[in-house]
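Engineer: Output the structure for:
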Amino acid sequence: MKTIIVMTSLAILHPTLDVAALEASAPLAVAEATYTPATEELREPWSPSADVAEDEREYNIILELPGFAKSDFDVSVESGWIHVTGERRMPEETNGRLFNRIERRLGDFERKFRVPEDADASSISAEYCDGLLTLKIAKDPDAGQKRIEVEVG
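Structural biologist: All right, here's what the predicted structure looks like:
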């Protein structure tokens, strides 16, 4: 059963909320439990969702970063690892609005991905469009292959 929680004139659909607990609670207790002041105290570590795919030419890592500016995150490669770091900040301009609820995570994040052995780490490129950061890593057909000369004694 889906439950609708009404706060002022805003209705929030919360399909996983325990209905029995709602019925046992007073309406004021429900309102207090669902109201979270929007402050910097909401900052906590979080991690953006990522998808990893490959074809015969390259690997793709796609991270969800909706609402970010390019300056809010950084991509680097170090010691065989791809590091994606950034920060989601509290909205600075509220235009007089009061946030009744914030469900998006705020604060710093970091994701690390190992560069595959058959990839060319120098070919990594990044593109940010429509809230998705796409990292492309070209495959190197000669990478990971090492010919060992056998001596005959």
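
Engineer: got the residue ranges for the helices in the protein?
Structural biologist: Assignment of helices within the chain using DSSP state H yields the ranges 19-24, 27-34.

Engineer: which residues sit in contact with R88?
Structural biologist: Contacts were defined as C-beta atoms under 8 Å, 6 or more residues apart in numbering; by that measure R88 touches 46, 67-68, 72, 104-107, 109. From N, CA and C alone the C-beta is placed, and that goes for glycine too.

Engineer: Try it again at 6 Å.
Structural biologist: Shown in contact with R88 (C-beta atoms under 6 Å, 6 or more residues apart in numbering): L106.

Engineer: how far does stretch 72-92 stretch from start to finish?
Structural biologist: Taking C-alpha to C-alpha, to the nearest Å, the span from the opening residue of stretch 72-92 to its closing residue is 14 Å.

Engineer: okay, now R89: neighbour count?
Structural biologist: For R89, the count of nearby residues is 13 (other C-beta atoms under 10 Å).

Engineer: Which residue comes closest to it once chain neighbours are left out?
Structural biologist: L106 (6.8 Å; C-beta to C-beta, 6 or more residues apart in numbering).

Engineer: Could you check the pLDDT of that neighbour?
Structural biologist: pLDDT, L106: 86.

Engineer: residues near it, how many?
Structural biologist: Neighbouring residues of L106 were enumerated by other C-beta under 10 Å; the total is 18.

Engineer: Check which residues of stretch 120-129 are buried.
Structural biologist: Across stretch 120-129, burial judged by 16 or more other C-beta atoms under 10 Å covers 120-121, 124, 126, 128.
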